[in-house]
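1. Here is the input, now give the coordinates:
(chains A, B, C, D, E and F)
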There are 6 protein chains.
Amino acid sequence: MHSAAPCRILVVNSNTTDSVTARIARAAEAALPAGCSVEAVSAPFGLPLIVTRADWSVAGPATVAALAARRGQFDAAVVACFGDPGVDAARELFDVPVVGISEAAFHAACMLGRRFGVVSFTAALKPMFVDCLEHAGLAHRCAGFRMGPAFSGDPGRVAEERRDMILDLCRASIEQDGAEVVILAGGPLAGLAPELAADVPVPLVDGTAAGVRLAAALAGLAPTRRPHRTRALTGYEPGLTGLYAEGPR
Amino acid sequence: MHSAAPCRILVVNSNTTDSVTARIARAAEAALPAGCSVEAVSAPFGLPLIVTRADWSVAGPATVAALAARRGQFDAAVVACFGDPGVDAARELFDVPVVGISEAAFHAACMLGRRFGVVSFTAALKPMFVDCLEHAGLAHRCAGFRMGPAFSGDPGRVAEERRDMILDLCRASIEQDGAEVVILAGGPLAGLAPELAADVPVPLVDGTAAGVRLAAALAGLAPTRRPHRTRALTGYEPGLTGLYAEGPR
Amino acid sequence: MHSAAPCRILVVNSNTTDSVTARIARAAEAALPAGCSVEAVSAPFGLPLIVTRADWSVAGPATVAALAARRGQFDAAVVACFGDPGVDAARELFDVPVVGISEAAFHAACMLGRRFGVVSFTAALKPMFVDCLEHAGLAHRCAGFRMGPAFSGDPGRVAEERRDMILDLCRASIEQDGAEVVILAGGPLAGLAPELAADVPVPLVDGTAAGVRLAAALAGLAPTRRPHRTRALTGYEPGLTGLYAEGPR
Amino acid sequence: MHSAAPCRILVVNSNTTDSVTARIARAAEAALPAGCSVEAVSAPFGLPLIVTRADWSVAGPATVAALAARRGQFDAAVVACFGDPGVDAARELFDVPVVGISEAAFHAACMLGRRFGVVSFTAALKPMFVDCLEHAGLAHRCAGFRMGPAFSGDPGRVAEERRDMILDLCRASIEQDGAEVVILAGGPLAGLAPELAADVPVPLVDGTAAGVRLAAALAGLAPTRRPHRTRALTGYEPGLTGLYAEGPR
Amino acid sequence: MHSAAPCRILVVNSNTTDSVTARIARAAEAALPAGCSVEAVSAPFGLPLIVTRADWSVAGPATVAALAARRGQFDAAVVACFGDPGVDAARELFDVPVVGISEAAFHAACMLGRRFGVVSFTAALKPMFVDCLEHAGLAHRCAGFRMGPAFSGDPGRVAEERRDMILDLCRASIEQDGAEVVILAGGPLAGLAPELAADVPVPLVDGTAAGVRLAAALAGLAPTRRPHRTRALTGYEPGLTGLYAEGPR
Amino acid sequence: MHSAAPCRILVVNSNTTDSVTARIARAAEAALPAGCSVEAVSAPFGLPLIVTRADWSVAGPATVAALAARRGQFDAAVVACFGDPGVDAARELFDVPVVGISEAAFHAACMLGRRFGVVSFTAALKPMFVDCLEHAGLAHRCAGFRMGPAFSGDPGRVAEERRDMILDLCRASIEQDGAEVVILAGGPLAGLAPELAADVPVPLVDGTAAGVRLAAALAGLAPTRRPHRTRALTGYEPGLTGLYAEGPR
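-> Predicted coordinates for the structure are as follows:
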């Protein structure tokens, strides 16, 4: 039995809502590999919920700022916001792996079956999800999207309220779209996959769990030491400005 | 002879360097269609130069903040930074057309020839340009990139210093890659196209000029009235926060 | 306020039906930028309506012949036939921009939103539209097609007769396909976009208007001086034969 | 031993040069399957050589006119011009298979190896070849193009004059591009493949031979009876006008 | 009238069910070109029916073993199992053309119309068909799949039992998906195309017939003499082991 | 600090050479996550080295047979042969994750940088690697291949003998192709990445290490319970036949 060095995983919720961060923290804990620890933090500024591309844009620096505030204190990071705001930027700025939960879900799904479906509770998220899938370059592996109608209730309760609908969408994805794996997408569905697994005949992928496990996997794989480029950033809070000026450490 | 309503075009330089803004303003003026006026502004915060994806990330909100500071005062906007930071976000937030100079160059080039080459003075810009091209979905129309070596001099003088090299790269793009149109990419090359045109046997496209002319063209085409969604943004300056809260007007 | 040189735009209706040419002329006039003039002409020979690929084939030389008949008298040209017959050929033969209304619609739509829907009155046009979209290389930006059933009435009246159906198809494109912009495709729908705009929550793009505005935009952008190759064409009328022999002027 | 009905194959040279037609006729005869006969004809009008997209445009109706002149007298047709002018149109207008030599070469090559290279004597043909490959949708199966420099001599002698250069290009295609099959493209190379085969370690595909054999194969496969649509074509010679008016027979 | 050398075609049914082999033999005979003979054989080991990717994997060596058992005795081979198991391997191991019936159907369909539909009797086959289509690189030419529901009866009788359903699926493919050609896919539908042709307004393609005719076409086209690489295979029956050790002859 | 259930990983070398299996075992041990154990086995039959598609075909059942021999005794499996033979089949036949080292390398690389290069010691492997990359659907994320010349020495020593050449290829991949991550591909290079990492300015990915870490990550993520379909396989050894008949357990 092997025993590797302990791995500290920082999970950033790209929005500012602490109750969502708590939910994400629980899902991350449940998926944590042996020998790892996890800390979940909210974005230090930005928006309470990330839905549109405009939201995504301001969430990018906010996400990187959350990472900057902990620099030197984690071995891998997970950006726990479907759409992966700030991930490409953070990957250039840090010497440890940074993984977004949507890309993690897509890549994990590809290794569990040939074509994956994407299921979520509301169609409002689809444009950002599609952008994200195309950015990952995996649109050809996707069997299709199945999303519920507009939702204006409490995101913290939608997983319970729309549980049956989500299950029906999973089945439609499998039977009508030919999905061989199903991704349950969107922060508010974090932790739902294990509850539905017994009723669905293909693997279900939860983004947060995939993100935590793949970030830990990558942490032990390839040390990253990209050269740092000093930049004089203005108009952002000191943590982010310091990161741009001084690099990751 | 037709006489349409006057069209006010706002050009945002996504970095904070006013001398570059001045250069862009001159190129925009030179390309201005009849009946239009133009104003060029720098980003109110951010970085003096945008090169990497990390730079692009912080330039997005800075670009939108520049637009927010003038809201209600322009009929079309141009984001004059190759890479188009903030454009997707701005498009959701404003009711007037917002065009990035790289997408403008790609789309203009497609209507001037079947395959376009992209030429720039330094290879350091290539990763962001490639991302941008793929995001536009036009990679299949691109004949290839031809970029000069690393450059550490004054960006404001590179167009003169590397004029002959740029010309050679244009010829290589045409003769070896089969380009039928060539895009001169990157802010520091703004205004160079007309100077080289006599020595190059295919159309040369300048992003700033393309951006200004296409933004003006779109301004008269399709009125946009997207519903606004009130968002409580924190951690950014008041102009941007106001835009998220109140919408474009 | 800027004042550029006047720009003469020639619009060619690729079929021989003068009443359609008149409708196109009105739509072109309505979209004309400041400082531009427009003339619309019918194809000098060919077919009264262009529907199939066989029609498209004979319409190509007919379209170029219409341009040849006016050579030296226009600063930009628009081919006002969805499918863009003759456009690739004309682009090689003339030193001024030549733009097809379908490519113009696709490129304009891409700068107004992330994914565009295509709506038209009859499914019979779909094969040629799909060919055209793939030729433009923008299939990945298209959210889908929504077309009405077979139509055998008067094309000149279909815009009024099927107005409500078109509106329903636009809504389906937005709500079910996720279109963020909608193209109203096909000559018989020219001029309908402004009438429907108030009832549709995303930008509507009319091909003729897009073609006129983008052709004018390109006219001021990049002078084209491709070398001419003398060719001894036989079996076509003198205008086309002259163009192949002598070049654009 | 099976004995099918005799199959009459009409081969159309899309240009008007009879000496090229004679060369094509010999290559077609050499590749003829058992039980088939072949006739080769020149285009009744158009150009002596097809190189550019402008050439391709006028060659389309000329090619269909050649077919129209023999309607009812052939069981399958081959368009022997790399670029396949008029093929999509002819396919809608006739009830027998019509195959272009470039698409035939691409499809045959795909069944002989995983990735094919394209070799020709002059780079001037590349743009039209690339268009044609993309139109066939097989760009992903292509390992690359290897073309000689500009050529201004007699096309009827280029196969002999540039024989060694073609052989070198074949080897570069195999060794550097990874081609597992090589297509010798362009009418002037018709008949060269058998001469070079002994010196090349992968299959060589000749477009004319592929066209003749695949057209014969398809003739026995699927009877085509598309409904005819009467069209009142003007400005073309009587054969083509008759075909549009009356259909294939 | 031309008379080529006789061509011996070996057709391998990749499964072990002799009644299916007999059906395939009849379809192959019916499609046989002049001057050709055909022999059909079953796989010497493996599975009675090939449905899944796991089935496809074991059918590959079984198919090649069937070819190895006849080496030196055929001029072209057809692998008569939709999914084309063993075809890429056989193509490297033999000096004569080896064609799979699915790739043959795809390529033939592409030369008969712009977009093809795929129709089959049961959705269970779809994942393998989609893999196969993507492997051929022709997904962009496919208008869509139309498959019947799960089937648990006798495959040898499904063509009769589900005849009307297949006809309805063909019509849906044409009218709703825009198919211009329809492929009837799957061994159990071999021979059905000619029976349905009169009721369907576009060409119908049968994989076995396409495979036989295209294999014969290729046999006369390009002699293949790939260098053989001696390999010491273990754990398979002597025919296959001999082929790997000694090459095709 | 979290402590998950122990995870038994079975690594299959798809060829029959035990010395290569030993090398793979060492690389797997070195990359093993905390709480995991690993066992490496050779294929029970097949070939001593897998290079071509013909090799890949017979290696598929051999790989699955190796897994069948241990069924019920592992929680995740890695197929340690670049090209991933048998992986799609195994994924259908087992209820635990099965990961190939090439797909693992591709997916890991995508999460470490935007575009990855592929470096290996001999060009002979390129065709199979390209097939594999396209099958994974990630060709658009690949910056290019850099391979050494033909190699006929001892694969077990090539990593040492060609160390400097590999390093040069890595640098060319980064500097000329724009790779932001480099995959060292092919079994004989297993374990080389950590040795070169200090001399390469981007992350280096080793397939075996990536396979082991991602397989362990997936093992804890999504329980797979696909329904088993009983199949009567003949002509293979009892382990494989039993797996097809009885399912994974």
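
2. can you pull the contacts of the residue most central in space within chain A?
-> When C-alpha atoms, centre = their mean is applied to chain A, the residue found nearest the centroid is residue A:101 (2.0 Å). By C-beta atoms under 8 Å, 6 or more residues apart in numbering or on different chains, the contact list for residue A:101 reads A:78, A:79, A:80, A:81, A:82, A:84, A:207, A:208, A:210, A:211. Every C-beta, even on glycine, is put in place using the N, C-alpha and C of the backbone.

3. repeat that for 6 Å
-> A:80, A:207, A:208, A:211 (C-beta atoms under 6 Å, 6 or more residues apart in numbering or on different chains).

4. Tell me the confidence at it?
-> At residue A:101, the pLDDT value in this model is 96.

5. ok, and the closest non-adjacent residue to it?
-> In this structure, residue A:101 finds its nearest non-sequential neighbour in residue A:207, 3.5 Å apart by C-beta to C-beta, 6 or more residues apart in numbering or on different chains.

6. per-residue pLDDT, the one you found?
-> 94.

7. And residue A:247, how far from residue B:61?
-> Residue A:247 is 22 Å from residue B:61, where distance means C-beta to C-beta, to the nearest Å.

8. Pick out whichever of these two has more residues nearby.
-> residue B:61 (31 against 17; other C-beta atoms under 10 Å in any protein chain shown).

9. would you say that one is within a strand?
-> No - applying DSSP: H, G, I helix; E, B strand; the rest coil, one finds residue B:61 to be helix, outside a strand.

10. Could you give the number of residues near the closest residue to it other than its chain neighbours?
-> The shortest distance from residue B:61 to any non-neighbouring residue, by C-beta to C-beta, 6+ apart, is to residue A:58 (5.2 Å). Neighbours of residue A:58 under the rule other C-beta under 10 Å: 30.

11. State the helix or strand in which residue A:58 lies.
-> helix A:53-68 (DSSP states H and E).

12. what's that helix packed up against?
-> Secondary-structure packing of helix A:53-68 (3 or more C-beta pairs under 6 Å, 6 or more residues apart in numbering or on different chains; DSSP states H and E): helix A:87-93, helix A:238-246, helix B:53-68, helix B:87-93.

13. Can you list the strands that the next helix or strand after the third one pairs with?
-> By that I understand helix B:53-68. From helix B:53-68 onward toward the C-terminus, using DSSP H and E, the following helix or strand is strand B:76-79. Strand B:76-79 pairs in its sheet with strand B:7-13 (parallel), strand B:98-100 (parallel), by DSSP bridges.

14. Check which residues of strand B:76-79 are buried.
-> By neighbour count on 16 or more other C-beta atoms under 10 Å in any protein chain shown, the buried set for strand B:76-79 is B:76, B:77, B:78, B:79.

15. Turn the residues you listed into JSON lines, including distance to residue D:39.
-> Output for these, formatted as JSON lines (distance: C-beta to C-beta, whole Å):
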{"residue": "B:76", "distance to residue D:39": "60"}
{"residue": "B:77", "distance to residue D:39": "63"}
{"residue": "B:78", "distance to residue D:39": "60"}
{"residue": "B:79", "distance to residue D:39": "61"}
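
16. how about the helix-or-strand element of chain A with minimal mean pLDDT: buried residues?
-> Within chain A, no helix or strand scores below helix A:158-161, which has a mean of 89 by mean pLDDT, DSSP states H and E. Residues A:158, A:159 are the ones in helix A:158-161 that count as buried (16+ other C-beta under 10 Å).

17. Need the residues that contact it.
-> A:121, A:188, A:189, A:192.

18. Pull up the gap between the first one and chain F, please.
-> This means residue A:121. For residue A:121, the distance to chain F (C-beta to the nearest C-beta, to the nearest Å) stands at 20 Å.

19. Against residue A:51, how distant is that residue?
-> From residue A:121 to residue A:51 the distance is 12 Å (C-beta to C-beta).

20. The two: which has the busier surroundings?
-> Each of residue A:121 and residue A:51 has its neighbours counted (other C-beta under 10 Å); residue A:121 has more, 26 against 18.

21. pLDDT on stretch A:71-79, on average?
-> Averaging pLDDT along stretch A:71-79 gives 96.

22. What residue in chain A comes nearest to chain C?
-> Residue nearest to chain C within chain A (C-beta to the nearest C-beta): residue A:126, separated by 5.9 Å.

23. just to revisit the earlier point, as a whole number, average confidence for the helix holding residue A:58?
-> Per-residue pLDDT over helix A:53-68 has a mean of 96.

24. Between helix B:53-68 and that helix, find me the angle.
-> When axes from the mean of the first three to the mean of the last three C-alpha atoms, to 10 degrees is applied, the directions of helix A:53-68 and helix B:53-68 differ by 130 degrees.

25. would you put the C-alpha positions of helix A:53-68 in PDB?
-> The C-alpha trace of helix A:53-68 is given here as PDB (Å, rounded to 0.1, in the frame of the first residue of the first chain):
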ATOM      1  CA  ARG A  53     -21.300  35.600 -19.700                       C
ATOM      2  CA  ALA A  54     -21.300  39.100 -18.100                       C
ATOM      3  CA  ASP A  55     -21.300  37.300 -14.700                       C
ATOM      4  CA  TRP A  56     -18.600  35.000 -15.900                       C
ATOM      5  CA  SER A  57     -16.400  38.000 -16.800                       C
ATOM      6  CA  VAL A  58     -16.400  39.600 -13.400                       C
ATOM      7  CA  ALA A  59     -16.100  36.300 -11.700                       C
ATOM      8  CA  GLY A  60     -12.700  35.600 -13.300                       C
ATOM      9  CA  PRO A  61     -10.600  38.100 -11.400                       C
ATOM     10  CA  ALA A  62     -12.700  37.400  -8.300                       C
ATOM     11  CA  THR A  63     -11.800  33.700  -8.500                       C
ATOM     12  CA  VAL A  64      -8.100  34.400  -9.000                       C
ATOM     13  CA  ALA A  65      -8.200  36.800  -6.100                       C
ATOM     14  CA  ALA A  66      -9.500  34.000  -3.900                       C
ATOM     15  CA  LEU A  67      -6.600  31.900  -5.000                       C
ATOM     16  CA  ALA A  68      -4.100  34.800  -4.500                       C
END
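
26. thinking the residue nearest to residue B:61 is in contact with residue A:46, fair?
-> Yes - assessed by C-beta atoms under 6 Å, residue A:58 is found in contact with residue A:46 at 5.4 Å.

27. looking at it, residue A:8 is touching residue A:74, isn't it?
-> Yes - counting by C-beta under 6 Å, residue A:8 touches residue A:74, with 4.9 Å between them.

28. Kindly provide the whole-number mean pLDDT of stretch A:124-134.
-> Mean pLDDT, stretch A:124-134: 90.

29. what's that stretch in contact with?
-> Contacts of stretch A:124-134 (C-beta under 6 Å, 6+ apart): A:51, A:83, A:84, A:102, A:139, A:142, A:145, A:147, A:186, C:178.

30. swap the cut-off to 7 Å and go again
-> Here stretch A:124-134 makes contact (C-beta atoms under 7 Å, 6 or more residues apart in numbering or on different chains) with A:51-53, A:56, A:82-84, A:102, A:106, A:118, A:139, A:142, A:145, A:147, A:150, A:185-186, C:114, C:178.
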